[in-house]
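Novice: I'll drop the sequence and a predicted model, then ask my questions.
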Amino acid sequence: MNKMDYKQLVADAISDAIDNQVSTSDIYTKIENPKLSKNGDLAFPAFVLSKTMHKAPQEIAQEIVTKIDGVSFDKVVAAGPYVNFFLNKQGVSEQVISDILVEKNHYGDNQDGQDRVVTIDMSSPNIAKPMSMGHLRSTVIGNSIAKILTKNGYKPIKDNHLGDWGTQFGKLITAYLKWGNEEDVKKDPIHYLVQYYIRFHKEDQEDPELDVEAREWFKKLEDGDPEAVRLWEWFRDASLKAFKQTYQKLNVDFDTYNGESFYNDKLQNVVDTLKEQGLLEKSQGASIVDLSDEDLNPALILKTDGASLYVTRDIATAIYRDKTYHPVMNLYVVGSEQTYYFKQLKAVLKKMGLESADGLHHVPFGLITVDGKKLSTRHGNIVLLNEVLNESVKMAKEQIAEKNPGLNNKDQVAEDVGVGAVIFGDLKNARVDSIDFNLKDQLKFEGETGPYVQYAHARAESILKKAENPNFEKSNHSLTDDDSWEVIKLLQEFPKVVKHANQNFEPSDIAKYSLKLAKAFNKYYDHTKILVDDDELNARLSLVKSVSIVLEESLNLLGVKAPNEM
């Protein structure tokens, strides 16, 4: 459904006023939102027309005002070099609220994606290592991007490209056979396997023979040795079971779990194809693809001993996804430190003529520290994601017991609030920023937190419950007071925010928007007696319902639940 674009309305009005001396699209890009609402709802800086019209900006602003038909606007005024537009509150509020009440959670949907497929490489933990807070970002950013893509008409495929192959399995098998215990691993696989892994890295500094053994065991695994394969499969299945419990808590699911091992039988095809295309060259005994024409270092495809590397597997993965899903985009939600690597990967795939190579996008994100500490499995400095989620739910339960002990369904609400606080605490930050995570701060009911937004939604639902679910279809939805106007303007912005978040793969656009809307609604609630039985009661309740719908949908796009009571 096409929404009224008020910026377009302003751009058309200005273009007509200046006899189309500048294109409407150029005018459109210059229109601003004034910082103060007393300066109007939209503003146009007339100095951008000075060169074309050979006049002072103040003069141009005055001229535009005299020529604009005021029917679409409450008023249009010149303020120095600016033309300030005050929208027709009655008309805008009627339209925005009507749209939301009709479309409900589909408000803001668009068909920009035309049902085209986008693959998202995300989460990708290593088998036999715990999911730490370090895995949070790729998982929740990728999940939110998938939801935002769906809202914009795309079909995302979430691919959890598990780290289930490589020399670490030689190390793990060696460590298990030396120090392991089958009963322990069955009882708590991830905990014990990671202890063996940490011990291996401590002891191999004193005993270089351990590395030799580890390489031998990985070679056996590659060659299909039954004992090596048995242990590897056991470690993989046990890890995956533990991972899925964490994903369930986060409300994240995947379309495929094709790990690195899935591509083992597809690597030779990569090497053969590169040879056939004349792209594979020898360099100091290794096989490379020269990328000097792209100002990049060569991509190392095979080591001197013929062993494959990450890039070999990633090429095989990209070819498989291309043939299987025919994606318009391939997104890799991976830390910023891999930016250069993905430039190399994209360059190789383009040289190979892969159809989806142009649509390969690295979606980088900053580092996460927890209470100022950097995370490393190898050095035993792990903050387990599961433990953080459990602790967050526990703290949410304590807050509910204190603030609302009679709450129905309090265990479920504590789950929604506790898990939501962790997800929102990540996604409110610009993706590329590094963040320091402090759980206590994220669980506050005031400030820039998930619980603050959830509480605003629950407050809206509580008002509607008290009003005993009014009939919105019969009500007039136009409101003209200042506090409701600030809320309506934000509601009207939601479809644009959805598009912008999609264009930039930026969930924080949605999180920041939801905070603004929650804040504006709380201000409205504080200043307005909503449940007074007068002519505007139904209009006010329609606004409250609209806020509830849009807050719930904003949280949903972040992968956060919106409880109706808190």
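Specialist: Arrived safely, thanks for sending.

Novice: So, low pLDDT: which residues of the stretch 451-566 of the chain?
Specialist: Within the stretch 451-566 of the chain, the segments meeting pLDDT under 70 span 469, 474.

Novice: Do you have the helices of it handy? List them.
Specialist: In the stretch 451-566 of the chain, the segments counted as helices under DSSP state H, counting those that start in this stretch are 482-503, 507-527, 537-558.

Novice: Quick one: these as CSV, columns for distance to residue 108 and mean neighbour count too.
Specialist: All C-beta atoms are positioned from the backbone trio N, CA, C, and that covers glycine. Formatted as CSV, the helices of the stretch 451-566 of the chain follow (distance: least, C-beta to C-beta, whole Å; neighbours: other C-beta atoms under 10 Å):
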stretch, distance to residue 108, mean neighbour count
helix 482-503, 4, 20
helix 507-527, 10, 21
helix 537-558, 7, 24
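
Novice: how about those, which one is nearest residue 337?
Specialist: helix 507-527 (19.9 Å; C-beta to C-beta).

Novice: which outside residues touch the closest one?
Specialist: Residues from elsewhere that reach helix 507-527, judged by C-beta atoms under 8 Å, 6 or more residues apart in numbering: 140-141, 144-145, 148, 424, 427-431, 448, 452-453, 455-457, 459-460, 463, 483-484, 486-487, 490-491, 493-494, 497-498, 500-501, 543, 547, 550-551, 554-555, 557-558.

Novice: Could you give the bridge partners of residue 126?
Specialist: On the basis of DSSP bridges, residue 126 takes part in beta bridges with residue 163.

Novice: any idea how far residue 188 is from the nearest residue to residue 502 once chain neighbours are set aside?
Specialist: Using C-beta to C-beta, 6 or more residues apart in numbering and skipping residues adjacent in sequence, the residue nearest residue 502 is residue 152, 4.3 Å away. From residue 152 across to residue 188, the span is 42 Å (C-beta to C-beta, to the nearest Å).

Novice: buried set for stretch 268-285?
Specialist: Buried residues in stretch 268-285, counted by 16 or more other C-beta atoms under 10 Å: 270-271, 273-274, 279-280.

Novice: swap that for stretch 559-566, please
Specialist: For stretch 559-566, burial by neighbour count (16+ other C-beta under 10 Å) applies to 559-564, 566.

Novice: Next, the distance between the ends of it.
Specialist: End-to-end distance of stretch 559-566 (C-alpha to C-alpha, to the nearest Å): 18 Å.

Novice: for stretch 81-96, same thing?
Specialist: Using C-alpha to C-alpha, one end of stretch 81-96 lies 30 Å from the other.

Novice: I'd like the numbering to begin with 104 instead of 1 from here.
Specialist: In the new numbering, first residue 104, that becomes stretch 184-199.

Novice: tell me the average confidence for it?
Specialist: The predicted model assigns stretch 184-199 a mean pLDDT of 93.

Novice: for stretch 290-307, same thing?
Specialist: Taken as a whole, stretch 290-307 carries a mean pLDDT of 89.

Novice: Which residues does it contact?
Specialist: 231-233, 271, 274-275, 277-279, 282-284, 287-288, 313-314, 317, 338, 341-342, 344-345, 480-483, 485.

Novice: Now, those that are in strands?
Specialist: Nothing among the contacts of stretch 290-307 maps onto strands, per DSSP state E.

Novice: Would you mind checking the residues you listed for buried ones?
Specialist: Among the contacts of stretch 290-307, those buried by neighbour count (16+ other C-beta under 10 Å) are 231-233, 271, 274-275, 277-279, 283, 288, 313, 317, 338, 341-342, 345, 480, 485.

Novice: Now stretch 423-432 - C-alpha only, PDB.
Specialist: In PDB, the C-alpha atoms belonging to stretch 423-432 read as follows (Å, rounded to 0.1, in the frame of the first residue of the first chain):
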ATOM      1  CA  TYR A 423      27.000 -24.000  -3.800                       C
ATOM      2  CA  ARG A 424      24.700 -21.100  -2.600                       C
ATOM      3  CA  ASP A 425      24.700 -19.600  -6.000                       C
ATOM      4  CA  LYS A 426      23.500 -22.800  -7.700                       C
ATOM      5  CA  THR A 427      21.100 -23.800  -4.900                       C
ATOM      6  CA  TYR A 428      19.400 -20.600  -4.000                       C
ATOM      7  CA  HIS A 429      20.200 -18.100  -6.900                       C
ATOM      8  CA  PRO A 430      20.500 -15.200  -4.400                       C
ATOM      9  CA  VAL A 431      20.400 -11.600  -5.400                       C
ATOM     10  CA  MET A 432      22.700 -10.900  -2.400                       C
END
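
Novice: picking up where we left off before, which one of residue 255 and residue 291 has more residues nearby?
Specialist: A side-by-side neighbour count of residue 255 and residue 291, using other C-beta atoms under 10 Å, places residue 255 first with 20 against 12.

Novice: That one and residue 432: what is the separation?
Specialist: From residue 255 over to residue 432 (counting by C-beta to C-beta), the distance is 12 Å.

Novice: same thing with residue 374?
Specialist: 27 Å.

Novice: What of residue 182?
Specialist: Using C-beta to C-beta, residue 182 is found at 43 Å from residue 432.

Novice: Kindly reformat the helices of the stretch 554-669 of the chain as CSV containing distance to residue 147.
Specialist: Output for the helices of the stretch 554-669 of the chain, formatted as CSV (distance: least, C-beta to C-beta, whole Å):
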stretch, distance to residue 147
helix 585-606, 17
helix 610-630, 23
helix 640-661, 28
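
Novice: Of all these, which one comes closest to residue 227?
Specialist: Ranking these by their distance to residue 227 (criterion: C-beta to C-beta) puts helix 610-630 first, at 18.1 Å.

Novice: Now do that closest one and helix 585-606, the angle between them.
Specialist: For helix 610-630 against helix 585-606, the angle by axes from the mean of the first three to the mean of the last three C-alpha atoms, to 10 degrees is 170 degrees.

Novice: Go through the helices and strands of this structure and name the one with the lowest mean pLDDT.
Specialist: Among the helical and strand segments of the chain, the one scoring lowest on mean pLDDT, DSSP states H and E is strand 471-473, with a mean of 86.

Novice: what comes into contact with it?
Specialist: With contact meaning C-beta under 8 Å, 6+ apart, strand 471-473 is reached by 236-237, 239-240, 478, 486, 491, 529, 537-541.

Novice: Quick one, which of these are buried?
Specialist: When the contacts of strand 471-473 are checked for burial by 16+ other C-beta under 10 Å, the buried set is 236-237, 239-240, 478, 486, 491, 529, 538, 540.

Novice: coming back round to it: I'd say the residue nearest to residue 605 and residue 215 touch.
Specialist: Yes: Residue 255 is in contact with residue 215 according to C-beta atoms under 8 Å; the separation is 4.9 Å.
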